[in-house]
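K.L.:
show me how the following folds:
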Amino acid sequence: EVSTAYEDVAGFCYNARLNEIEKNGFVLTPGRYVGAADVEDDGEAFEEKMKRLTGLLKQQQEEGARLDQQIADNLRRLGYEF
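P.N.:
Now for the predicted structure:
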């Protein structure tokens, strides 16, 4: 069963009225009307989260560099200078 009832959903859809659009100079940029969805607080302090995420990023970058080197080595073994 499909509902035909429309509902605005922050960050996804918004039924802008013509007078609102006119007030915005007829600019139809979605973010101007749709807005952003509410973000849940995960309870992790910002500083802790940034330390954790930057540490994870560093690990992923190191792994990426290792894999890039491995690909280059394999290409050289196959006779392709990289």
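
K.L.:
rest of the way, CA atoms for contacts and neighbours
P.N.:
Fine.

K.L.:
quick one: residues in contact with stretch 35-48.
P.N.:
Stretch 35-48 is contacted by residues Val9, Ala10, Gly11, Phe12 when judged by Cα atoms under 8 Å, 6 or more residues apart in numbering.

K.L.:
restricted to strands, list these.
P.N.:
Of the positions in the contacts of stretch 35-48, not one sits in strands, assigned by DSSP state E.

K.L.:
rounded mean pLDDT for stretch 73-82, please.
P.N.:
For stretch 73-82, the mean per-residue pLDDT is 92.

K.L.:
correction: stretch 10-30
P.N.:
Per-residue scores along stretch 10-30 average to 94.

K.L.:
chain center to it, what's the gap?
P.N.:
The chain centroid and the centroid of stretch 10-30 are separated by 23 Å, computed with Cα atoms, centre = their mean, to the nearest Å.

K.L.:
okay, buried residues for it please.
P.N.:
Judged by neighbour count (16 or more other Cα atoms under 10 Å), stretch 10-30 contains these buried residues: Cys13, Tyr14.

K.L.:
which SS class is Ile21?
P.N.:
Each residue gets one of three states, and Ile21 gets helix by DSSP: H, G, I helix; E, B strand; the rest coil.

K.L.:
what's near enough to touch it?
P.N.:
If you count contacts by Cα under 8 Å, 6+ apart, Ile21 has them with Val27, Leu28.

K.L.:
and it, how far from Glu7?
P.N.:
To Glu7, Ile21 is 19 Å away according to Cα to Cα, to the nearest Å.

K.L.:
from Val27, how far off is the nearest residue to Phe82 once chain neighbours are set aside?
P.N.:
Spatial nearest neighbour of Phe82, excluding adjacent residues (Cα to Cα, 6 or more residues apart in numbering): Ala72 at 5.9 Å. Ala72 sits 49 Å away from Val27, going by Cα to Cα.
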